[in-house]
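In: what follows is a predicted protein model with its sequence.
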Amino acid sequence: MFTSFIDEWSLEPAGDPILTRTSRLLPVRWRGLPAMLKVADEPEERSGGQLMRWWDGHGAAQVYAATDSAILLERSESRRSLFHMAMTGSDDDATRIACRTVAMLHAPRPSPPSGLAPLERWFQALAPAAGLHGGILRTCADAAQHLLSTPDVPVVLHGDIHHGNILDFDARGWLAIDPKGLCGDRGFDYANLFCNPELPVVTAPGRLTRQLAIVAHEARLEPKRLLQWIIAYAGLSAAWFLGDGESPESTLAVAAIADAELRG
């Protein structure tokens, strides 16, 4: 599955293949440098590859080569991770690093790439889930409807910012990988820092309040609107979990915490 790209770009395999629901990856070396070959199986991933090329290494991993369906990226070999920082007493520092990486991605650039998905399309699953399940999901859907009807100036969004999608590239700093390719209000990209269900501390007492102050300051966002984005994003994440037959417990808990903070 990788042979044609290995031959075309003179790559040396440097690890075992990694298969995901949407793509196939292979650690390689390219001209002596650590790299990752990523072959997209879904349109969403191909759009993300185009966006990585557009960022051209500014805030995101550098693309060394690309076709319509595959990209060759610089690969991190660092052992440091934002996830580990967040879990071992450096949660605030991890959040600041993530915010500064997102700010680089949102920096104005000419001629945005085509094919970006608007947030209105991204949120299509939330209203039906709220109608079916009710409860806090209705609050999430109301927040999303308000935000989408009162948009800020749209920017090119990563779409899946979390602690595992910002990696340490040593001298190049902390850079993003695996974007979805969206366009809309920049507050959306900060919401998953509060919602990532793989990060156990997201529901820890006081965590959301503390991180809210950090993100609002770093990103120059109004705390109330940021809370609304957290509620909306948590609801969307829960709707996706429900659609896949999985438990939305963690994201619904974050939605409830954010709603209580907003009301308080």
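Out: Looks like it came in fine. Residues are numbered from 1 along each chain as shown.

In: all strands for the stretch 151-264 of the chain, in order.
Out: Taking DSSP state E, counting those that start in this stretch, the strands of the stretch 151-264 of the chain run over residues 155-157, 166-168, 174-176, 182-184.

In: quick one: average pLDDT of the third one?
Out: The pLDDT scores in strand 174-176 average 98.

In: residues in contact with that strand?
Out: Among residues not part of strand 174-176, those counted as contacts by Cβ atoms under 8 Å, 6 or more residues apart in numbering are 57, 59-61, 76, 82, 97-98, 100-102, 105, 158, 161, 165-169. Where you see a C-beta, it was placed from the backbone N, CA and C, and this is true even at glycine.

In: please pick the buried ones from those residues.
Out: Listed as buried from those are 57, 59-61, 76, 82, 97-98, 101-102, 105, 158, 161, 165-169; burial here means 16 or more other Cβ atoms under 10 Å.

In: before we move on, back to that, save the strands of the stretch 151-264 of the chain as TSV, and put in distance to T88 too.
Out: Listed next are the strands of the stretch 151-264 of the chain as TSV, based on distance: least, Cβ to Cβ, whole Å:
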stretch	distance to T88
strand 155-157	29
strand 166-168	15
strand 174-176	17
strand 182-184	31
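
In: low-confidence stretches in the stretch 101-250 of the chain?
Out: For the stretch 101-250 of the chain, no stretch has pLDDT under 70.

In: so in this protein, which helix runs the longest?
Out: Ordering each helix of the chain by length in residues (DSSP state H) puts helix 223-243 first.

In: L37 is nearest to which of the strands of the stretch 151-264 of the chain?
Out: strand 166-168 (16.3 Å; Cβ to Cβ).

In: mind checking how far the closest one is from the chain centre?
Out: Computed by Cα atoms, centre = their mean, to the nearest Å, the separation of strand 166-168 from the middle of its chain amounts to 12 Å.

In: just checking, what packs against that strand?
Out: Under the contact definition 3 or more Cβ pairs under 8 Å, 6 or more residues apart in numbering; DSSP states H and E, strand 166-168 sits against helix 91-106, strand 174-176.

In: buried residues, stretch 101-121. List them.
Out: Applying 16+ other Cβ under 10 Å to stretch 101-121 flags 101-103, 105-106, 113, 116-117, 119 as buried.

In: for the residues you listed, give me CSV that also has distance to A40.
Out: Conversion of the buried residues of stretch 101-121 to CSV gives the following (distance: Cβ to Cβ, whole Å):
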residue, distance to A40
T101, 22
V102, 23
A103, 27
L105, 20
H106, 24
P113, 15
L116, 16
A117, 15
L119, 22
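
In: K180: which of the residues you listed is nearest?
Out: Comparing these against K180 with Cβ to Cβ picks out A117 as the nearest, at 7.3 Å.

In: excluding its backbone neighbours, what's nearest the closest one?
Out: L182 (5.1 Å; Cβ to Cβ, 6 or more residues apart in numbering).

In: kindly report the same for P128.
Out: In space, P128 comes closest to A239 once its chain neighbours are excluded; the distance is 7.7 Å by Cβ to Cβ, 6+ apart.

In: surely the residue nearest to A117 meets F188?
Out: Yes. At 7.4 Å, L182 and F188 qualify as touching, with contact defined as Cβ atoms under 8 Å.

In: pLDDT score assigned to R46?
Out: Each residue has a pLDDT score; the one for R46 is 88.
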